[in-house]
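Student: Structure for this input, please:
(one chain, ligands or ions: 2)
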Amino acid sequence: MDKIFEYLSVGLGLEKHVLKEACGGEELRLLAKINYYPPCPRPDLALGVAPHTDMSTLTLLVPNDVPGLQVFKDDHWFDAKYVPDAIIVHIGDQLEILSNGKYKSVLHRTTVNKEKVRISWPVFCEPPGELAIGPLPQLVDNENPGKYKTKKFKDYQYCKINKLPQ
Ligand SMILES: O=C(O)CCC(=O)C(=O)O
Ligand SMILES: [Fe+2]
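Tutor: Ligands and ions are numbered 1, 2, ... in the order given. Below is the predicted model of the structure:
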């Protein structure tokens, strides 16, 4: 996790410690969730989870070997290939905001399977609720104005969960 934050900081032309610190440093919270998708007689009519982006900074996801995750790119849904022992890493909303849109929070959804149970174990890496997240000042200037509001993570969550404008 620390390494991924470092690489993503360098990818923005910043020193490697910057992103993790902006996300709360050692106060970063790890929230584990278990998704259980039972078999569905009509997978053509149902979704496991509806299309969404994660509110997190990063999400680390381990699925079982039943495919189902799809990501949206270039106006199409693509199946995420199942790779044994691989960890899937999503960019979440908070990294899109901090990077002022250079990194995009990935739109994804899951399908269900007719015969098999699908399970996934995501870990959401979240800033502390009281921490204000906004475009990093190093990335904002006259040519690149800030595209996102700066707000406390808990207020971002409240608006997103209640479908209020950010
Ligand atoms: O089950 C999956 O592969 C993805 C689950 C997911 O997107 C989520 O829990 O936010
Ligand atoms: Fe998700």
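
Student: can you pull the buried residues of stretch 113-124?
Tutor: Neighbour counts over stretch 113-124 (16 or more other Cβ atoms under 10 Å) mark 113, 118, 120, 122-124 as buried. Bear in mind the C-beta positions are built from the backbone N, C-alpha and C, glycine included.

Student: any idea how far the host helix or strand of Val89 is from the chain center?
Tutor: Assessed by DSSP states H and E, Val89 sits inside strand 88-91. Taking Cα atoms, centre = their mean, to the nearest Å, one finds strand 88-91 lying 6 Å from the centre of the chain it belongs to.

Student: low pLDDT regions in the chain?
Tutor: By pLDDT under 70, the chain contains no weakly predicted segment.

Student: Spit out the contact partners of the spatially most distant residue from the centre of the chain.
Tutor: Largest separation from the mean C-alpha position in the chain: Pro41, at 29.6 Å (Cα atoms, centre = their mean). Contacts for Pro41 (Cβ atoms under 8 Å, 6 or more residues apart in numbering) come out as Lys114.

Student: tell me the secondary structure for it?
Tutor: coil (DSSP: H, G, I helix; E, B strand; the rest coil).

Student: Give me the distance between it and Thr110.
Tutor: According to Cβ to Cβ, to the nearest Å, Pro41 and Thr110 sit 17 Å apart.

Student: can you give me the helices for this protein?
Tutor: 2-11, 18-22, 93-98, 153-161 (DSSP state H).

Student: Identify the bridge partners of the residue in the chain that ligand 1 sits nearest to.
Tutor: Of all residues in the chain, the one sitting closest to ligand 1 is Ser120 (3.3 Å; Cβ to the nearest ligand atom). Beta bridges link Ser120 to Asn35, Pro63 when assigned by DSSP bridges.

Student: you'd agree it is up against Leu61?
Tutor: Yes: the pair Ser120 / Leu61 is scored as a contact, 5.9 Å apart, by Cβ atoms under 8 Å.

Student: Spit out the residues that contact the two alike.
Tutor: Leu69.

Student: Which residues of the chain lie near ligand 1?
Tutor: 33, 35, 49, 54, 61, 63, 69, 108, 110, 120, 122 (Cβ under 6 Å from any ligand atom).

Student: burial count for the third one?
Tutor: Counted by other Cβ atoms under 10 Å, the residues lying close to Val49 total 15.

Student: Leu19 is in contact with Phe5, correct?
Tutor: Yes: here Phe5 lies in contact with Leu19, judged by Cβ under 8 Å, at a distance of 4.8 Å.

Student: residues touching the residue nearest to Thr110 when sequence neighbours are not counted, list them.
Tutor: Distances taken as Cβ to Cβ, 6 or more residues apart in numbering place Gly48 nearest to Thr110, at 3.4 Å, with adjacent residues excluded. Contact partners of Gly48, counting by Cβ under 8 Å, 6+ apart, are 35, 37, 68, 109-112, 118.
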